[in-house]
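Colleague: Just the structure for this:
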Amino acid sequence: MKGLGTNQWSTQEWLHLLVYVGPQINAEKMARFDAEFHPTESQNAEIENQWLSMAIRNEYGRHSHDSRTDYRRKAEVLKIALWRVGRHS
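Modeller: Numbering: from 1, shown residues only. Prediction:
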């Protein structure tokens, strides 16, 4: 996916990509995607919400022992929020 010129992408373009790849991505592919595009570090709430929802479904980062503690905390908070509103899978 290199060479897509994502530096100037809008939120809607990122969401379109994430929604498209969501059903066909697993934790291993998410790790490669994250290494290249860094959605885990996104400061955009919509992108972060979509990415963390995908991460929960795929258990991405759950067994990681690296420095992504903040990510895991965010993912758990989002998971609880989604359960409360009935949007879990």
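Colleague: Quick check: closest non-adjacent residue to the most centrally placed residue in the chain.
Modeller: Compute the mean C-alpha point of the chain, and by Cα atoms, centre = their mean the closest residue is residue 51, 2.0 Å away. Here the nearest residue to residue 51 in space, its sequence neighbours aside, is residue 39; by Cβ to Cβ, 6 or more residues apart in numbering that works out to 4.2 Å. Where you see a C-beta, it was placed from the backbone N, CA and C, and this is true even at glycine.
Colleague: In three-state terms, label the residue nearest to the centre of the chain for me.
Modeller: Secondary structure state of residue 51, per DSSP: H, G, I helix; E, B strand; the rest coil, is helix.
Colleague: Thought residue 41 was touching it, still the case?
Modeller: No: Residue 51 is not in contact with residue 41 according to Cβ atoms under 8 Å; the separation is 9.8 Å.
Colleague: For this protein, which segments are assigned as helices?
Modeller: Across the chain, reading from the start of the chain, the helices by DSSP state H fall at 11-21, 27-37, 45-58, 69-84.
Colleague: OK, contacts around the residue nearest to the centre of the chain?
Modeller: Listed by Cβ atoms under 8 Å, 6 or more residues apart in numbering, the contact set of residue 51 reads 18, 39, 40, 42.
Colleague: From residue 60, how far off is the second one?
Modeller: Right, residue 39. Shown here: residue 39 relative to residue 60, a distance of 10 Å by Cβ to Cβ, to the nearest Å.
Colleague: do the third one as well
Modeller: In this view, residue 40 and residue 60 are 9 Å apart by Cβ to Cβ.
Colleague: which residues are common contacts for these two?
Modeller: Shared contacts of residue 40 and residue 60 (Cβ under 8 Å, 6+ apart): residue 34.
Colleague: higher neighbour count, these two?
Modeller: Counted by other Cβ atoms under 10 Å, residue 40 and residue 60 do not tie: residue 60 has more neighbours, with 25 against 21.
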